[in-house]
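*Asks:* Please find the sequence and the predicted model below.
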Amino acid sequence: MGMEGPIARWYARITRPSLPEFQALARRVADAVPPAGSVLEVAPGPGYFAIELAKLGGRHVTGLDISRTFVEIARHNALEAGVDVEFQQGNVASMPLPQNTFDYLVCRAAFKNFSEPGTALGEMHRVLKPGGRALIIDLRRDVAPDAIRREVENLKLGPINAFIVRQIFRFMLIKRAYTKGGFRQLIADSPFRGGDIQESLVGVEITLTK
Ligand SMILES: C[S@@+](CC[C@H](N)C(=O)[O-])C[C@H]1O[C@@H](n2cnc3c(N)ncnc32)[C@H](O)[C@@H]1O
């Protein structure tokens, strides 16, 4: 499921105010990756996390997204921020990247969108260095409606965008999201074999090690 043109531009606009969340995630990842290390963000969209990580310096940051519009937006955002991030276009299910390359991989709010999730996990495993880690952050399928309402409120959108986002959660995102058990099965069938799965009110955080 790609996001192109006006939809990508709208997403970039409504998620920009969540910058503090991207900054906090960047600090967390920076703590986990040595300064000369290499980090891949799979499906970075507008690139906010990858750019915040690059601002912290030292690490080589790459982003790979299937959407040509998002790659353009992310390159523009990196240029504007004055940081060097290599944003490339490509599908997570067949990444145009060499094996054993990255120390760390991040995939946020995107895994449920992948049409070949098992192949995606296999590719994530392939491009990580031995000992490298993947962090997948996504929505949990059994999220409570109240938790979604609060999550959307926190985005501080106007009433029309808040209504649209609530409908997107209800009719699209929750239907595509995985339960903890669903994730556990997908991971067991992947080359990672196992991993750590933590649940929060709205989402799951999965850490996998090659
Ligand atoms: C909801 S956006 C999330 C963007 C960003 N990670 C964030 O946290 O805001 C989902 C992203 O997944 C990307 N995507 C969907 N399918 C993909 C695939 N097969 N390979 C790579 N990227 C994909 C979309 O283009 C989009 O950028």
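*Replies:* The structure has been received and is ready for your questions. Numbers count the residues shown, from 1 in each chain.
*Asks:* quick one, what contacts L201?
*Replies:* The contact partners of L201, by Cβ atoms under 8 Å, 6 or more residues apart in numbering, come to V143, A144, A147, R150. Using the backbone N, CA and C atoms, a C-beta is placed for each residue, glycine as well.
*Asks:* Could you dump the residues you listed into JSON lines with distance to the ligand, neighbour count and secondary structure added?
*Replies:* As requested, the contacts of L201 are exported to JSON lines (distance: Cβ to the nearest ligand atom, whole Å; neighbours: other Cβ atoms under 10 Å; DSSP: H, G, I helix; E, B strand; the rest coil):
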{"residue": "V143", "distance to the ligand": "15", "neighbour count": "20", "secondary structure": "coil"}
{"residue": "A144", "distance to the ligand": "21", "neighbour count": "11", "secondary structure": "coil"}
{"residue": "A147", "distance to the ligand": "18", "neighbour count": "15", "secondary structure": "helix"}
{"residue": "R150", "distance to the ligand": "18", "neighbour count": "12", "secondary structure": "helix"}
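*Asks:* Now that we have the residues you listed, can you turn them into TSV and tack on pLDDT?
*Replies:* Formatted as TSV, those follow (pLDDT from 0 to 100):
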residue	pLDDT
V143	93
A144	89
A147	91
R150	92
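*Asks:* what's around L25, how many residues?
*Replies:* Counted with other Cβ atoms under 10 Å, the neighbours of L25 add up to 18.
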